[in-house]
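Q: What follows is a predicted protein model with its sequence.
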Amino acid sequence: MGEAGRRRGRESDAGLPSLATAWWDAHTDALARTGFLRVAARLPATMAGAVAVAWRADRADTVIALVLSLLGGVATSYGLLATRDVLVALFAAGPTLDRVQAALPALAAVAVAVAVRSALAIGAGWAQARLMPRVLTLVERQLFELTTRVELAAFDDPGFTDEMKRARNRGGLALQAVVRGTLDLAVGLAGLAGTAVALLVVHPLLLAALFLASLPGAWAAVRVARLSYVSERNRTSRRRRMWMLGELMAERLTAAEVRVFTMRGFLLGEYDRMAAAETEAELEVVAGQTRVRMLGGLLSGCATAGLYIVLGLLLAGGVLPLAAAATAVLALQAARMSLSLALTNVNKIYEEGLYFGDYTEFAHRCADRLPPPAETAGVPAPRAIDVKLAGLSYGDDGPAALDGVSLTARRGQTIALVGENGSGKTSLATLLAGLRVPTSGAVTWDGLPLHRAERADVWRHVALVSQEYWRWPFTAARNITLGTAEEDPARMRAAAVKAGAHQMIENLPDGYDTLLSRVFAGGQDLSGGQWQRLTCARAFYRDAPLLICDEPSAALDPKAEHALFASLRAGAERRITVLITHRLANVRHADRIYVLHRGRIAEEGTHGQLMALGGRYAELFTLQADGYLEERIA
Ligand SMILES: Nc1ncnc2c1ncn2[C@@H]1O[C@H](COP(=O)(O)OP(=O)(O)OP(=O)(O)O)[C@@H](O)[C@H]1O
């Protein structure tokens, strides 16, 4: 078992169980074994990818940054050769004044080269700074375009959500770092090339010696990068747990339960365990990196010493004149600076490139999970919805949540889905709304299979009161008109009245303009029932031909519940209404009631037919009704 496996084992000894193994663990070990040549081979592709993104973000600034960086290398080369001319003039025989005068033109050339190089570096830096925010926006926007389009089923896959988190948290910043690193590497390489040209002119052997001297540093840089990347990957799941524990201990929604269930000791204990494993892993990596750096430093030192010995021998043997040797020393110093810049950035590009690779892999995975292209143009408002032998499983090998379900719902009808918890009601509703594609069978709207239609066109005809609705941090008005292009105040108020939300909203400090989130200054929060009224108002505002209400009254008081169902009945003839509720008194008026049991339709019919049948429905209804019948107001 690898270290990662052993650590996972330790984590699951007590407390929370292990997190599901994520797909990336599979290639962690392969990455740890990546050799220098593979790293080197990977760099050009990473850099080309970065330049391509930079190009899309802003062509002009990309070209300016690259061209100015390369010109900087020319200025370096020119400056070094001018320096050699200065030294040749100064080391020549003759009176000092004459020698200084002879060196003046070359000195002027050196000054110009230095000034030009600085100006080019400033220009390149400015272009790079302008490029960075655009690169980040481009990458993030691309990610959100995908995450808001992929099939809903993708979110059931823990691997997908992990990858998404990593791509979100690190992808954009990693690409920024790769682009910055690529441009800086261009500066370093241009400087190095400029120096190399100067060295080549001085003596070709010096160039070879410089190349050999740079190898240990390059090896250490790449090795350090790989160590931190592999450790980061291994630590992701631990961090996820720590983040999850942090959320449980420092969130308003969990605060009451943490206290009343005396969870504090357990949660803090879990946190300590995770933190200890995290620190241990961190120290392991730092120790490994320090060893590599020490070895790299030692080898670099030896190589540099060798370089100076070569220089000394060439000088002693009379192969190299003194001025050329002095230029070579200057060139070597310049080369070392350029080399250090280049290596730092090789390091950075490689490491950040791996993280950006996660982003690009995630983008590819998203592309695989996008709905197929629509085969029809436009989707008319449904007059009849047909479900034929539909089955649904969550995940690749999950048990069937629905199995062979068939039903028809027509315009003007209200159908009710009832049944015990986990029987498949919500799953069936997601099929009717085109939110999920059945794993077997089909769902059609007026004969059109939903999976062949453009999803956005389908959802334009759907209003959903979801069981797990989101408390959108917008104003009350925006919460009602959510997702619709136009805001019609009169219609919005009418929808709020139908949902019993109008008076409640009017009583808020700023009425419909009250911000419903405590996260923002001056924001307000609502009670569970008040939020539910608002979500019902949203559904009425959409006034869609398919209205799905999944437990719309779970948090409502009896009066509000009564009013809501009266409103639902009032407009029922214009649409298809799907009602899901455990309060069976509310489904008595439904045109057809489907009783689900373990993903299948166990019974169906009107209230009267099902009561006469004396099956599950009759049993549940009688059970509930008895509770009310015992005590009546006299
Ligand atoms: N996102 C999901 N991923 C995996 N399994 C799921 C998911 N959603 C539902 N299930 C499973 O599918 C089955 C049916 O769930 P569903 O939510 O449709 O039941 P339900 O009848 O609406 O239940 P309830 O009355 O509690 O709302 C359950 O076994 C549930 O565990």
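A: Sure thing, it's come through. Computed from a prediction, not measured in an experiment: that's the story for all the values here.
Q: hang on, residue 102 packs against residue 92?
A: Yes - if you go by CB atoms under 8 Å, residue 102 and residue 92 touch, sitting 7.0 Å apart. Quick note: C-beta positions are derived from backbone N, CA and C, even for glycine.
Q: list the contacts for the spatially most central residue of the chain?
A: Note on the chain: the residue nearest the mean C-alpha position is residue 168, at 2.3 Å, using CA atoms, centre = their mean. Listed by CB atoms under 8 Å, 6 or more residues apart in numbering, the contact set of residue 168 reads 140, 143.
Q: That one: what secondary structure?
A: helix (DSSP: H, G, I helix; E, B strand; the rest coil).
Q: cool, the one 5 residues further on as well?
A: Following three-state DSSP, we place residue 173 in the helix state.
Q: Same question for residue 423.
A: coil.
Q: do you know how far it is from residue 442?
A: Per CB to CB, to the nearest Å, residue 423 is found 21 Å from residue 442.
Q: who has more neighbours, the two?
A: Applying other CB atoms under 10 Å to residue 423 and residue 442 shows that residue 423 carries more neighbours, namely 22 against 16.
Q: Leaving aside the residues adjacent along the chain, what's closest to that one?
A: residue 596 (4.1 Å; CB to CB, 6 or more residues apart in numbering).
Q: Equivalent analysis for residue 572, please.
A: Leaving aside its chain neighbours, residue 572 sits nearest to residue 414 (5.2 Å; criterion: CB to CB, 6+ apart).
Q: Thought residue 590 was touching that neighbour, still the case?
A: Yes - the criterion here is CB under 8 Å, and residue 414 meets it with residue 590 at 4.7 Å.
Q: Need the overlap of contacts for those two.
A: Looking at what touches both residue 414 and residue 590 (by CB under 8 Å, 6+ apart), the common residues are residue 579.
Q: Quick check: buried residues in stretch 533-553?
A: By 16 or more other CB atoms under 10 Å, the buried positions in stretch 533-553 come out as 533-542, 544-553.
Q: Settle this for me: the residue nearest to residue 423 is touching residue 416, isn't it.
A: No - look at residue 596 against residue 416 with CB under 8 Å: they stay out of range, at 10.6 Å.
Q: burial count for residue 503?
A: 10.
Q: what's the helix or strand for residue 165?
A: Assigned by DSSP states H and E, residue 165 belongs to helix 158-166.
Q: Report the distance from that helix to the chain centre.
A: Distance of helix 158-166 from the chain centroid (CA atoms, centre = their mean, to the nearest Å) equals 8 Å.
Q: and residue 404, that one's in a strand?
A: Yes - with the criterion set as three-state DSSP, the secondary structure at residue 404 is a strand.
Q: What pLDDT does the model give the spatially closest residue to it that is not a sequence neighbour?
A: Nearest residue to residue 404, sequence neighbours excluded (CB to CB, 6+ apart): residue 389, at 5.0 Å. Note on residue 389: pLDDT of 95.
Q: Isn't residue 389 up against residue 402?
A: No - between residue 389 and residue 402 there is no contact under CB under 8 Å: 10.0 Å.
Q: the more surrounded of these two?
A: residue 402 (27 against 12).
Q: sec struct for the closest residue to that one other than its chain neighbours, please.
A: Of all residues beyond its chain neighbours, the one nearest residue 402 is residue 392 (4.1 Å), with distances taken as CB to CB, 6+ apart. Classification of residue 392 using three-state DSSP returns strand.
Q: Output the set of residues of the stretch 301-450 of the chain in proximity to the ligand.
A: Residues of the stretch 301-450 of the chain lying close to the ligand (CB under 6 Å from any ligand atom) are 394, 398, 401, 419, 421-427.
Q: again, only this time at 8 Å
A: 392, 394-395, 398-399, 401-402, 417, 419-430 (CB under 8 Å from any ligand atom).
Q: Which among those count as buried?
A: 392, 401-402, 417, 419, 423-430.
Q: Could you dump those into JSON lines with pLDDT added?
A: Output for these, formatted as JSON lines (pLDDT from 0 to 100):
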{"residue": "392", "pLDDT": "95"}
{"residue": "401", "pLDDT": "94"}
{"residue": "402", "pLDDT": "96"}
{"residue": "417", "pLDDT": "97"}
{"residue": "419", "pLDDT": "94"}
{"residue": "423", "pLDDT": "95"}
{"residue": "424", "pLDDT": "95"}
{"residue": "425", "pLDDT": "96"}
{"residue": "426", "pLDDT": "96"}
{"residue": "427", "pLDDT": "96"}
{"residue": "428", "pLDDT": "97"}
{"residue": "429", "pLDDT": "96"}
{"residue": "430", "pLDDT": "95"}
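Q: could you dump those residues to CSV with distance to residue 259?
A: Listed next are those as CSV, based on distance: CB to CB, whole Å:
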residue, distance to residue 259
392, 39
401, 35
402, 40
417, 37
419, 35
423, 34
424, 36
425, 34
426, 31
427, 35
428, 38
429, 36
430, 36
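Q: List just the nearest of those residues to residue 246.
A: Minimum distance to residue 246 across these is 29.7 Å, recorded for residue 426 (CB to CB).
Q: Which phi and psi values does residue 527 adopt?
A: phi -80, psi 170 (degrees, to the nearest 10).
Q: should've said residue 605
A: According to degrees, to the nearest 10, residue 605 has phi 150, psi -170.
Q: ditto for residue 370
A: Dihedral angles (degrees, to the nearest 10) for residue 370: phi -70, psi 150.
Q: just use 743 as the starting number from now, easier for me
A: Renumbered: residue one is now 743, and that last one reads residue 1112.
Q: What does the pLDDT read for it?
A: 91.
Q: which residues touch it?
A: 888, 891-893.
Q: of the residues you listed, closest to residue 849?
A: Once CB to CB is applied, the member of the contacts of residue 1112 that ends up nearest residue 849 is residue 888, at 58.2 Å.
Q: Which strands or helices does the helix or strand that contains that closest one pack on?
A: Using DSSP H and E, the element containing residue 888 is helix 838-889. Packing partners of helix 838-889 (3 or more CB pairs under 8 Å, 6 or more residues apart in numbering; DSSP states H and E): helix 778-799, helix 801-833, helix 914-944, helix 1064-1110.
Q: Now do the buried residues in the second one.
A: What it means is helix 801-833. So helix 801-833, judged by 16+ other CB under 10 Å, has buried residues 803-804, 806-808, 810-832.
Q: Let me know the pLDDT of residue 1082.
A: 69.
Q: same check, this time on residue 781
A: In this model, residue 781 carries a pLDDT of 64.
Q: number of nearby residues for residue 853?
A: 12.
Q: which stretches of this structure have low pLDDT?
A: For the chain, the stretches with pLDDT under 70 are 743-782, 960, 963-964, 967-968, 970-979, 1078, 1082, 1371-1376.
Q: what's the domain layout of it?
A: 767-978+1023-1110, 1120-1203+1288-1295+1317-1376, 1210-1285 (automatic domain parsing).
Q: So for residue 993, which of those domains sits nearest?
A: Nearest of these (CB to CB): domain 1210-1285, 11.8 Å.
Q: Show the end-to-end separation of that closest one, please.
A: 21 Å (CA to CA, to the nearest Å).
Q: what does stretch 1340-1356 give?
A: Stretch 1340-1356 end-to-end distance (CA to CA) = 19 Å.
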